[in-house]
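S.K.: fold the stuff below for me.
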Amino acid sequence: MADRIPLTGAQERLLVPLHARALDSRSPRPVLGDRTAVRALRRIDSRRPRASAWTRTLVTLRARLLDEWSADFLAEHPHAVVLHLGCGLDSRSDRIPLPEGVDWYDVDQPDVIALRRELLPEPPPPPATPSPPRSRTPRCSTRSRATARSSSRDW
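M.R.: A predicted model of the protein is given here:
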């Protein structure tokens, strides 16, 4: 197993939702079944967050609702561009079916994206397919990309 990754400062706030999703995944009847959260939590060198069972339940149910809304939207808009702002360590793009033409960008602070890249490896891009004849703009079919942005005015 790779070295455990320490968290500092604001990064520790990412643990509550990650821990909630990992605990849900280990339950007999998971709401999300987020195995990515379990793998990520194993790699973190930090004490487990103090969150009530009520908080963990709300975090999990909120994630489930957002997953359902996202999946429904993408089913209706299979060539959408998704900006998952303030993504933290969420693995929604792994939990829901993404149509081939969807571009998904996980966007957060640079230190969060750096941590995300260590804990949640990005999937390899799908194989390129030739564009159909007379296609003006070929669609990118990358599954997911993480992008760092600071909170300064440069956006």
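
S.K.: could you report the pLDDT at the residue nearest in space to the middle of the chain?
M.R.: Centroid-nearest residue in the chain: Ser91, 2.6 Å away (criterion: C-alpha atoms, centre = their mean). At Ser91, the model reports a pLDDT of 93.

S.K.: which ones are touching it?
M.R.: Taking C-beta atoms under 8 Å, 6 or more residues apart in numbering, we find Ser91 in contact with 21, 34, 36-37, 40, 120. (Glycine included, C-beta is placed from N, CA and C.)

S.K.: nearest to Leu98 among these?
M.R.: Leu98 lies nearest to Thr36 out of the contacts of Ser91, by C-beta to C-beta, at 14.3 Å.

S.K.: picking up where we left off before, how far away is the residue nearest to the centre of the chain from Leu58?
M.R.: 18 Å (C-beta to C-beta, to the nearest Å).

S.K.: likewise for Leu89?
M.R.: Computed as C-beta to C-beta, the Leu89 to Leu58 distance reads 17 Å.

S.K.: and what of Thr36?
M.R.: Per C-beta to C-beta, Thr36 is found 20 Å from Leu58.

S.K.: go on, Val31?
M.R.: 11 Å.

S.K.: neighbour count for these two, which is higher?
M.R.: Val31 (16 against 13; other C-beta atoms under 10 Å).

S.K.: show me the strands in this protein, by range?
M.R.: Assigned by DSSP state E, the strands in the chain fall at 5-6, 44-45, 81-85, 103-108, 145-148.

S.K.: sheet partners, orientation included, of the fourth one?
M.R.: Using DSSP bridges, the neighbouring strands of strand 103-108 in the sheet come out as strand 81-85 (parallel), strand 145-148 (parallel).

S.K.: just give me the lowest mean pLDDT stretch among those strands.
M.R.: Note on the strands paired with strand 103-108: strand 145-148 shows the lowest mean pLDDT, a mean of 63.
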